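my questions are about this predicted structure, shown below with the sequence.
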Amino acid sequence: MGKRVLIVGGVTGGASAAARLRRLDESAEIIIFERGPHVSYSNCALPYYLSRTVPDSGNLLMVTPERFKKQYNIEVRTKNEVLSINRMAKTIRVKHDGTENEEAYDVLILSPGAEPIRPQSIEGVHRENVFTVRSVADVEMLDTWFSAHDVKDVAVVGGGFIGCEVVENLRESGRKVALIEAMPQIMSPFDFDMVQILHKEMMDQGVTLILKNGVKRIDEHEVELASGKKVKADAVVLAIGVRPETDLAKAAGLEIGETGGIRVNHNYQTSDSAIYAVGDAIEVLQRLTRKWTRLALAWPAQMQGRAAADHICGRSHRTKGVIGSSVLRVFDLYAACTGLTERAAKDAGIPCESVYVIPADKVGVMPNSAPIHLKLIFETPTGRILGAQAIGKDAVDRRIDVIATLISMDGTLEDLKETELCYAPVVGTAKDAVHMAALVGLNLLDGRFRQVPVSAVRNLVESGAYIVDVREKGEYAASHLKNAVNIPLSELRMRLNEIPKDCPVYLHCRSSQRSYNAIMALYQHGFDNVINIAGSYLGICLYEYAQDVLENREKIVTAYNFN
């Protein structure tokens, strides 16, 4: 008779562990206990039911208990809540239909996940018109309420992955949506300069974006913010974040890590060698900072479940830590990221630099060619790649996947520059966006030129710094930075006498390519005071636009031009 393996929680981690166990051990008795009505569903796709991108909530279900039994000989017990663990007796107490019983185990796997946060400081947080999105039942309840009460105005609290996806799908369903975020930006895995692109997209799509303002009270038809401002809302969706479900583990005396997640070793064993834990409830090692963190993403949960099953069956696992790769669609844009933000790298004490390039996602003559905004963060002086963020209309995930692969191999800018990629005019460029970022990074690393970020431009303009716009005259006439001097690249060599040598000179074009060429020419004409503006005019417009609209600031550009 094989081992008796009990698994608490299904979905990604628990279901993956169960399926892997069966592949490795036909003799094992495997039972999954799931508190809810469904054992396996696409939780990442839940918001898309609200817009009927997923036409039926039943489509969200992945594997039914019947299929688990027929195809894998795995028993699934839904609506079974595990109440406690007796480590000494190696049993769990389970509640089902009001009846409690004990189940013995040889090995126990915990995959309880994480629960959405409902801050008790918010008055009215438990009202019947306040929802979270964690399960199929949650999204069905939300959708039913909307229909029954003819909801037109919705407030979404929290601008993370779930919040942004819920916002998009509620707008697609024709509802008015306010996105409320207490922090200065949505999507914390992106740096402040990059996230302004997403802020603009939200506003362009009719979303009322409210930043730096938390929720104080929720009423029947409105939300009151910390500032006193009131927002019309017939329903509220809380997407503030999640808290690892560790009650079972704590009560059983298992070690809890410094982040609040269950502490596990490299084989995903807890402090009790007969108990494993995987998924959103555990803490993991961040590969780059070497610090503990929590990562509520599907891929790590799947791999953790697989690794735990391997070890149960005698196969050891070695983890290198996580880097955190993800992608999100925000209306007409895709946003992907991996590794550390520039902010996180500096907070971790890692000396670093970044580049911000805006190459095309495919050859410019292609009718659907569009810019990719790509930020690459690297360690100095080693050139080791630390992270990247990309936002665009197509294939940003592919670029970030390439960089994620390099990070997982401790790759450097030189490695990225030499990475051979596929090319065809309809899918990319011969010198891909990631190559462009690596080349610019190497120029910075080697001291071949200097730059300032787009976040520094407002201060430069307001302080009267000498700024040269090397775009052509027609581009300059359409819109430009106030006080910028227009010296087109095509006229640069004939107008060198107009450029001062006794003060810093800042150059930009549309996307930094022409300004870089101008700087290299000026270096050779004796100018050692020239500095490139990373992201150039397109980056400046996007960076400034959202903040100007949200904070009603005076513009530093004559007109916004995003073409």
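On my side now, so go ahead.

would you map the helices across the stretch 101-250 of the chain?
Taking DSSP state H, counting those that start in this stretch as the test, the helices found in the stretch 101-250 of the chain are 136-148, 161-172, 192-204, 247-251.

out of those, flag the one nearest E29.
Closest to E29 of these is helix 247-251 (C-beta to C-beta; 21.0 Å). For every residue, glycine as well, the C-beta is placed using N, CA and C.

following the closest one, which helix or strand comes up?
Following helix 247-251 in sequence order, the next helix or strand is strand 275-277 (DSSP states H and E).

now that following strand: how far from the chain's centre is it?
How far strand 275-277 lies from its chain's middle: 27 Å, per C-alpha atoms, centre = their mean, to the nearest Å.

counting contacts, what elements does it pack onto?
strand 107-110, helix 298-312 (3 or more C-beta pairs under 8 Å, 6 or more residues apart in numbering; DSSP states H and E).

got CSV for these, with mean neighbour count too?
Formatted as CSV, those follow (neighbours: other C-beta atoms under 10 Å):
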stretch, mean neighbour count
strand 107-110, 27
helix 298-312, 23
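
for these, could you give me TSV that also reports distance to P244?
Converted to TSV, the helices and strands packed on strand 275-277 look like this (distance: least, C-beta to C-beta, whole Å):
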stretch	distance to P244
strand 107-110	11
helix 298-312	12
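
once you drop chain neighbours, what's closest to N129?
A235 (4.8 Å; C-beta to C-beta, 6 or more residues apart in numbering).

ok, now how distant is the one you found from A308?
A235 sits 39 Å away from A308, going by C-beta to C-beta, to the nearest Å.

quick one on the thing from earlier: just checking, the residue nearest to N129 touches V157?
No. Here A235 does not reach V157: they are 11.3 Å apart, not a contact under C-beta atoms under 8 Å.

next, count neighbours for the residue lying closest to N486 once chain neighbours are set aside.
In this structure, N486 finds its nearest non-sequential neighbour in Y476, 4.2 Å apart by C-beta to C-beta, 6+ apart. Number of residues near Y476 (other C-beta atoms under 10 Å) recorded here: 19.

shaky segments in the stretch 301-450 of the chain?
For the stretch 301-450 of the chain, no stretch is flagged by pLDDT under 70.

tell me the pLDDT of M1.
On the pLDDT scale, M1 is placed at 62.

which SSE is L285 in?
Per DSSP H and E: strand 284-285 holds L285.

which strands and helices sit next to whichever helix or strand comes after that strand?
Remark: after strand 284-285, the chain's next helix or strand is strand 292-293, criterion DSSP H and E. Contact analysis of strand 292-293 by 3+ C-beta pairs under 8 Å, 6+ apart lists strand 284-285 as its packing neighbours.

next one: the strand it packs on to chain centre, how far?
Centre-to-centre, strand 284-285 and its host chain are 17 Å apart (C-alpha atoms, centre = their mean).

on that earlier part again, how close does the residue nearest to N129 get to E168?
Using C-beta to C-beta, A235 is found at 16 Å from E168.

check Y466 too.
Distance from Y466 to E168, counting by C-beta to C-beta: 43 Å.

who has more neighbours, these two?
Using other C-beta under 10 Å, the more surrounded residue of Y466 and E168 is E168, with 25 against 18.

returning to what we had before: got the contact list for the residue nearest to N486?
469, 484, 486, 488 (C-beta atoms under 8 Å, 6 or more residues apart in numbering).

give me the pLDDT value at the nearest residue to L550 once chain neighbours are set aside.
Distances taken as C-beta to C-beta, 6+ apart place L211 nearest to L550, at 6.2 Å, with adjacent residues excluded. Per-residue pLDDT puts L211 at 96.

L211 contacts E181, doesn't it?
Yes. Applying C-beta under 8 Å, one finds L211 in contact with E181, separated by 5.3 Å.

could you pull out the strands for the stretch 401-550 of the chain?
Counting by DSSP state E, counting those that start in this stretch, one finds strands in the stretch 401-550 of the chain at the ranges 451-452, 466-469, 485-486, 505-508, 530-533.

let me fix that: the stretch 1-150 of the chain
In the stretch 1-150 of the chain, the strands defined using DSSP E, counting those that start in this stretch lie at 4-8, 29-34, 75-78, 81-86, 91-96, 99-104, 107-110, 114-116, 130-131.

need these in a markdown table with distance to S354 and mean pLDDT, can you?
Listed next are these as a markdown table, based on distance: least, C-beta to C-beta, whole Å; pLDDT from 0 to 100:
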| stretch | distance to S354 | mean pLDDT |
| --- | --- | --- |
| strand 4-8 | 42 | 97 |
| strand 29-34 | 44 | 96 |
| strand 75-78 | 47 | 95 |
| strand 81-86 | 46 | 96 |
| strand 91-96 | 49 | 96 |
| strand 99-104 | 53 | 96 |
| strand 107-110 | 39 | 98 |
| strand 114-116 | 31 | 91 |
| strand 130-131 | 38 | 96 |
